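Chemist: What follows is a predicted protein model with its sequence.
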Amino acid sequence: MSRRAFTLVELLVVISIIAIISTIAVVSMTSARSKSRDTKRMADIHQIITAMQAYNIDNGSYPDTIALGCSCGHTAATACCLGKANSAGCWGGASVWCAALDNALQPYMTNIPDDPENAVGYYGDAYVYYDSHMTGWVTPGPAIHWGYDQVSNSNNCLGGVFGQWGTGGRNRYWCALTLTP
């Protein structure tokens with residue numbers, strides 16, 4: 001009784017089909033993760049804005065990072081990362097976390113959210129607060145700045161400004177929203 005073996009062409013076809021299916025699955029998984037992070041970012045931003053507005057109502061102004069003793073630095077303003085405990089920097093290292101700002105918001109939100117990607121040192125991997133000392137930027141302070149993976153227009157910027165940064169950043173799009181009194 002003779003056995004028929006697979007030919008080389010048949011094996012290559014099966015291997016190619018498996019490779020194509022695997023590639024499609026990986027791409028779909030990456031896209032789903034990215035959409036999930038963007039959904040979490042939108043929920044976080046709503047929570048942060050609500051907390052900031054409650055702070056404003058109770059205190060008559062949005063948090064003043066200089067008065068809080070924060071040393072958040074930016075060449076044109078005071079910029080503080082929210083929810084970045086135990087990290088040296090965020091937003092490309094240009095801004096830093098300030099415990100006093102997070103503590104000031106604690107009565108209004110139990111946990112200060114952090115960007116879901118949470119990769120310190122990459123643009124967009126933080127929620128950044130610019131207080132009223134902010135000058136010379138795309139929107140005057142007080143403002144919130146955050147990034148997105150896939151949003152390619154201003155629809156999810158809640159009426160704020162929208163932009164895109166270089167492909168080297170993890171988040172390729174950003175939003176900035178001035179907080180209204």
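Modeler: Received it, and whenever you're ready, just let me know what you need. Residues are numbered from 1 along each chain as shown.
Chemist: ok, Thr65 - contacts?
Modeler: Cys72, Thr78, Cys80, Cys98, Ala100, Leu101, Tyr129, Asp131, His133 (CB atoms under 8 Å, 6 or more residues apart in numbering). For glycine as for every other residue, the C-beta is placed from the backbone atoms N, C-alpha and C.
Chemist: Need the pLDDT of it.
Modeler: For Thr65, the model assigns a pLDDT of 85.
Chemist: Doesn't it lie inside a helix?
Modeler: No - counting by DSSP: H, G, I helix; E, B strand; the rest coil, Thr65 is not part of a helix but coil.
Chemist: which strands and helices sit next to the worst-scoring helix or strand of the chain on mean pLDDT?
Modeler: Ranked by mean pLDDT, DSSP states H and E, the weakest helix or strand in the chain is strand 96-97, scoring a mean of 74. Judged by 3 or more CB pairs under 8 Å, 6 or more residues apart in numbering; DSSP states H and E, the packing partners of strand 96-97 are strand 79-82.
Chemist: For the strand it packs on, name the packing helices and strands.
Modeler: For strand 79-82, the packing partners by 3+ CB pairs under 8 Å, 6+ apart are strand 96-97, helix 99-105, strand 127-130.
Chemist: Quick check: mean pLDDT of stretch 101-117?
Modeler: Computed over stretch 101-117, the average pLDDT equals 87.
Chemist: How many neighbouring residues does the closest residue to Leu105 other than its chain neighbours have?
Modeler: Excluding the flanking residues, the one nearest Leu105 by CB to CB, 6 or more residues apart in numbering is Ala51, at 5.1 Å. Using other CB atoms under 10 Å, the number of residues around Ala51 comes to 21.
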